[in-house]
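**Student:** Just to be clear, the model below is a prediction. Sequence and coordinates:
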Amino acid sequence: MRVAWRLLCAALCAAALAGCSKAPWNDPYPAGAIGRNILFSSFTERPKHLDPAQSYSSNEVVFTGQIYEPPLEYHYLKRPYVLEPLTATSMPRSYYLDAQGHRLGENPPTDKIAYTVYEIHIKPGIYYQPHPAFAKDADGKPLYLNLKPGDLEGIHDLTDFQHTGTRELVAADYVYEIKRLAEPKVQSPIFGIMSQYIVGLKAYAAKLQKIARTDAKAGHPDAYIDLRRYPLEGATVVGRYTYRIKVKGRYPQLRYWLAMPFFAPVPPEADRFYSQPGMAERNLTLDWWPVGTGPYMLSVNNPNRQMVLVKNPNYRKDDLYPRQGEPGDAKKGLLADAGKPMPFIDKAIYSLEKESIPRWNKFLQGYYDISGIGSDSFDQAIQFGGSGNVELTDAMRKKHIKLVTSVQASIYYMGFNMLDPVVGGYTTRGRKLRQAISIALNYEDYIAIFLNGRGVAAQGPIPPGIFGHRNGKAGIDPYVYDWVHGQPQRKPMAYAKRLLAQAGYPNGRNAKSGKPLIIHLDITASGPEDKSMLDWFRKQFHALGLQLVIRNTDYNRFQDKMRNGNAQLFMWGWNADYPDPENFLFLLYGPNGKAKHHGENAANYNNPEFNRLFVKMKDMANGPKRQAIIDKMVAIAQRDAPWVWGFFPKDFVLYHGWYKNAVPNLMANNTLKYKRIEPALRAKRVRAWNHPLVEPLLIVLGLLVLSLVPAIVTYRRCERRPGLEEDKRS
């Protein structure tokens with residue numbers, strides 16, 4: 001019986017300790033972390049690139065946007081979006097040159113402009129984060145820029161270097177990064193488009209390739225190329241804090257690019273530091289450990305578990321929260337921090353969370369501060385009012401959870417590889433095949449089934465809110481939709497089947513060989529919840545008589561396929577880099593093809609007339625003339641159907657009451673610095689929501705004790721039997 005009593009006593013002690021403990025039993029973080037000034041969030045796919053010259057994905061800019069500082073940024077609160085200086089002292093000044101290099105007046109005719117020069121002045125007194133690349137010895141010589149074989153023994157992480165240093169940001173660092181866009185080893189995704197504008201960038205890339213080939217022949221294929229030794233006409237240093245960018249013709253969109261990490265500074269010391277032998281094998285690269293002047297620095301890069309940003313101790317004190325916003329912002333509490341130095345949060349911990357259900361449950365428990373809404377949790381979070389307006393459910397309001405909605409300047413589409421011999425090409429056969437598939441893929445149903453209505457079926461590449469988008473009858477894709485009773489109506493499946501037969505595939509079979517047409521779709525479906533979506537796609541193709549083979553892969557492998565032009569049909573998306581139609585139409589511009597030019601034209605679409613109109617449109621000011629050209633371009637793309645246009649998403653974001661300054665900003669990348677956490681309130685609510693239930697434990701242990709009593713009694717009786725006593729005496 002002593003054993004039973006001990007178990008019961010242990011259970012009672014556990015219950016007592018649970019009642020006394022302040023930390024919930026299910027807390028996934030170190031003790032006390034919930035009560036500290038830390039943001040807790042998640043990610044689903046590890047970022048492939050953190051090098052600012054390479055990174056171009058939304059899951060990467062979550063980190064790069066907080067670490068790197070380009071010269072410009074978007075005002076956090078003002079709408080429409082307004083560019084303003086970040087590290088620059090003022091907005092860039094520009095002037096025009098003719099073909100002979102003579103300076104023109106302020107508003108010369110476009111045909112007279114051969115070049116535009118942007119002059120940028122940066123603020124003095126900005127310093128980089130602590131980093132080994134800047135470490136120096138007592139004599140002022142670099143400690144880690146001339147490492148010998150064996151010096152990296154025992155070095156497995158950036159923190160294994162004993163010393164760090166810093167230095168002031170200078171204009172030459174911005175010029176160095178622009179040169180890196182042409183580095184063959186870097187393979188920047190914007191080199192294709194930038195080489196069309198930045199003077200001499202294409203020739204600069206050819207020069208660097210020649211140098212790299214020479215180094216390779218000499219047995220040094222990974223030798224460091226000091227870009228400071230090779231001038232670039234399109235990017236020059238004027239003084240310690242001033243530099244110039246020279247572009248061909250007029251290119252007003254350059255100002256938008258100057259708010260992106262591509263044009264953030266990279267110190268040559270960091271490039272040289274990471275290029276040393278043995279570094280890449282240890283994941284010691286700029287792609288893994290970025291170096292910036294931003295408000296945060298990466299302290300943990302474990303993409304199989306956590307990514308951690310911590311406040312940059314060298315960050316300047318003059319970066320202040322906006323004092324002005326939109327009407328009503330003060331009432332919403334969005335100006336409560338006006339004029340205060342940023343950033344407010346000390347650390348941001350992003351945990352790998354591939355499955356949507358655990359991610360959602362941790363948000364409800366308070367262990368993630370913000371959350372999207374998956375289809376499986378939509379009804380739990382959202383309800384529609386009598387007038388169709390979106391509202392939070394009572395359960396969400398009781399937890400003081402808030403909702404922010406916005407129509408994204410984004411598009412999710414299904415693309416055809418125009419280089420593919422079956423679905424690609426510009427013949428009538430290929431065009432009608434793509435149009436038939438576009439009709440069959442009913443995105444209205446997709447939005448209703450998988451997005452809970454959070455989207456708008458797209459008719460072309462330009463989202464609502466971006467100049468060039470057409471509403472109503474003028475905006476429909478006439479090859480996929482009819483205009484019926486004032487609404488777009490998808491053409492019937494019978495019409496799609498006729499197009500398929502005209503393309504040479506009656507009933508989904510090759511008219512000549514009789515073999516079924518098999519279409520391969522490359523996709524990055526990451527969880528079991530995606531199975532129903534993939535089944536839906538198969539069903540849509542089957543209704544047309546086609547067989548769909550889905551090739552599922554992780555995002556990094558998917559990117560490799562796209563880069564090499566190995567996909568046939570693929571799903572992808574695009575978030576606006578800046579609020580201009582050029583930023584969407586360039587996704588279909590031929591010289592920006594991904595397979596041949598490493599650009600962002602993933603479909604490798606290349607229509608000469610579309611290309612000609614794009615060149616004419618891209619530099620124009622918004623107005624009727626630009627709209628007319630955009631209408632022609634969209635009509636060409638609708639006819640060629642390089643994409644199944646897909647949908648424009650509506651974004652729903654939930655956040656807890658302790659998460660402050662939550663404003664959707666579709667253009668800005670560096671928004672973490674504006675956010676603020678009330679950790680004491682979070683700790684209080686997390687304890688209340690995760691109070692351990694010890695009663696079931698007591699019941700189970702009580703039943704266990706009761707089940708042991710008969711066994712113990714029987715054992716004691718057997719112990720006292722006379723035969724046993726005699727055996728003991730003998």
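**Tutor:** Noted; the coordinates are in hand. Numbers count the residues shown, from 1 in each chain.

**Student:** counting contacts, what elements does the longest strand anywhere in the chain pack onto?
**Tutor:** If you go by DSSP state E, the chain has its longest strand at strand 643-655. Contacts defined by 3 or more Cβ pairs under 8 Å, 6 or more residues apart in numbering; DSSP states H and E place strand 643-655 against strand 370-372, strand 402-407, strand 410-416, helix 428-440, helix 443-450, strand 455-457. Yep, even glycine has a C-beta here, placed from its N, CA and C like the rest.

**Student:** Kindly recompute the last result at 6 Å.
**Tutor:** Strand 643-655 sits against strand 402-407, strand 410-416, strand 455-457, with contacts defined as 3 or more Cβ pairs under 6 Å, 6 or more residues apart in numbering; DSSP states H and E.

**Student:** could you pull out the strands for the stretch 501-650 of the chain?
**Tutor:** Secondary structure of the stretch 501-650 of the chain (DSSP state E, counting those that start in this stretch): strands located at 518-523, 547-552, 569-575, 643-655.

**Student:** Pairing partners for the nearest residue in space to Arg255 that is not next to it in sequence in the sheet, please.
**Tutor:** Ranked by Cβ to Cβ, 6 or more residues apart in numbering and with sequence neighbours excluded, the top spatial neighbour of Arg255 is Leu83, at 5.9 Å. Listed by DSSP bridges, the beta-bridge partners for Leu83 are Tyr74.

**Student:** was I right about Leu83 contacting Pro70?
**Tutor:** No. Applying Cβ atoms under 6 Å as the test, Leu83 and Pro70 come out as separate, 10.7 Å apart.

**Student:** quick check: angle from the helix or strand harbouring Ala494 to helix 428-440?
**Tutor:** Using DSSP states H and E, Ala494 maps to helix 493-502. Angle of helix 493-502 versus helix 428-440, following axes from the mean of the first three to the mean of the last three Cα atoms, to 10 degrees, is 160 degrees.

**Student:** residues in contact with helix 493-502?
**Tutor:** Lys432, Gln435, Ala436, Ile439, Ala440, Leu544 (Cβ atoms under 6 Å, 6 or more residues apart in numbering).

**Student:** Most neighbours among those residues, please name it.
**Tutor:** Ala436 (29 neighbours; other Cβ atoms under 10 Å).

**Student:** measure it to Gln502 for me?
**Tutor:** 9 Å (Cβ to Cβ, to the nearest Å).

**Student:** Comparing Leu83 and Pro70, which residue is more hemmed in?
**Tutor:** A direct count of neighbours by other Cβ under 10 Å for Leu83 and Pro70 places Pro70 higher, at 24 against 17.

**Student:** In three-state terms, label that one for me.
**Tutor:** coil (DSSP: H, G, I helix; E, B strand; the rest coil).

**Student:** can you tell me which residues contact it?
**Tutor:** Counted by Cβ under 6 Å, 6+ apart, Pro70 has contacts Leu258, Ala259, Met260, Phe263, Ala264.

**Student:** residue boundaries of the helices in the stretch 151-300 of the chain?
**Tutor:** For the stretch 151-300 of the chain, the helices defined by DSSP state H, counting those that start in this stretch occupy 171-180, 191-194, 201-217, 254-257, 268-274.

**Student:** Report the backbone C-alpha coordinates of the first one in PDB.
**Tutor:** Output for helix 171-180, consisting of C-alpha atoms alone and laid out as PDB, is shown next (Å, rounded to 0.1, in the frame of the first residue of the first chain):
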ATOM      1  CA  ALA A 171      28.500  56.000 -50.500                       C
ATOM      2  CA  ALA A 172      31.000  53.600 -52.000                       C
ATOM      3  CA  ASP A 173      29.200  50.700 -50.300                       C
ATOM      4  CA  TYR A 174      26.100  51.500 -52.400                       C
ATOM      5  CA  VAL A 175      28.100  51.600 -55.600                       C
ATOM      6  CA  TYR A 176      29.700  48.300 -54.700                       C
ATOM      7  CA  GLU A 177      26.300  46.600 -54.400                       C
ATOM      8  CA  ILE A 178      25.200  48.000 -57.800                       C
ATOM      9  CA  LYS A 179      28.300  46.400 -59.300                       C
ATOM     10  CA  ARG A 180      27.500  43.100 -57.600                       C
END
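
**Student:** Packing partners of it?
**Tutor:** Using 3+ Cβ pairs under 6 Å, 6+ apart, helix 171-180 is in contact with strand 235-239, strand 242-248.

**Student:** try 8 Å this time
**Tutor:** strand 235-239, strand 242-248, helix 268-274.

**Student:** With the last one instead?
**Tutor:** For helix 268-274, the helices and strands in contact under the criterion 3+ Cβ pairs under 8 Å, 6+ apart are helix 171-180.

**Student:** who touches the helix it packs on?
**Tutor:** 52-53, 71, 120, 122, 186, 188, 198, 201, 204, 227-228, 230, 232, 234-243, 245, 262-268, 271 (Cβ atoms under 8 Å, 6 or more residues apart in numbering).

**Student:** Which entries within the residues you listed meet the buried criterion?
**Tutor:** 52-53, 71, 120, 122, 186, 188, 198, 201, 204, 227, 232, 234-237, 241, 243, 245, 262-268, 271 (16 or more other Cβ atoms under 10 Å).

**Student:** Need the pLDDT of Asn566.
**Tutor:** Here the pLDDT value assigned to Asn566 is 88.

**Student:** Got the phi and psi for it?
**Tutor:** Dihedral angles of Asn566 (phi, psi; degrees, to the nearest 10) stand at phi -100, psi 0.

**Student:** One more: Tyr481?
**Tutor:** Here is the backbone geometry of Tyr481 (degrees, to the nearest 10): phi -120, psi 160.

**Student:** ok, and the closest non-adjacent residue to it?
**Tutor:** Tyr481 sits nearest to Pro488 (Cβ to Cβ, 6+ apart), 4.3 Å away.

**Student:** how many neighbours does Lys331 have?
**Tutor:** Residues near Lys331, counting by other Cβ under 10 Å: 8.

**Student:** Likewise for Glu168?
**Tutor:** So Glu168, with other Cβ under 10 Å, has 14 neighbours.

**Student:** List the contacts of it.
**Tutor:** Contacts of Glu168 by Cβ under 8 Å, 6+ apart are Pro124, Gly125, Ile126, Tyr127.

**Student:** do the same with Phe262
**Tutor:** Counted by Cβ under 8 Å, 6+ apart, Phe262 has contacts Pro52, Ala53, Pro70, Glu177, Leu181, Ser188, Ile190.

**Student:** Next one: the residue nearest to Tyr481 from His75, what distance?
**Tutor:** On the measure of Cβ to Cβ, Pro488 and His75 end up 35 Å apart.

**Student:** Show me this protein divided up by domain.
**Tutor:** What the record gives for the chain is the domain set 2-21+692-729, 59-279, 411-651, from automatic domain parsing.

**Student:** wait, which of those is closest to Pro290?
**Tutor:** domain 59-279 (4.9 Å; Cβ to Cβ).

**Student:** For that closest one, measure first residue to last.
**Tutor:** 25 Å (Cα to Cα, to the nearest Å).

**Student:** Ok, stretch 656-666 next?
**Tutor:** Termini of stretch 656-666 sit 20 Å apart (Cα to Cα).

**Student:** Quick check: buried residues in that stretch?
**Tutor:** Quick answer for stretch 656-666 (16+ other Cβ under 10 Å): His656, Trp658, Tyr659, Lys660, Asn661, Ala662, Val663, Asn665, Leu666.

**Student:** And those residues, which is closest to Val404?
**Tutor:** Using Cβ to Cβ, those come closest to Val404 at Ala662, 5.7 Å.

**Student:** Give me the nearest residue to that closest one, chain neighbours excluded.
**Tutor:** Once flanking residues are discounted, Ala662 sits nearest to Tyr655: 4.9 Å by Cβ to Cβ, 6+ apart.

**Student:** for the one you found, what are its contacts?
**Tutor:** Asp369, Ile370, Ser371, Ile401, Lys402, Val404, Ala662.

**Student:** excluding its backbone neighbours, what's nearest the fifth one?
**Tutor:** Sequence neighbours aside, Tyr655 is the residue nearest to Lys402 in space, at 5.4 Å (criterion: Cβ to Cβ, 6+ apart).
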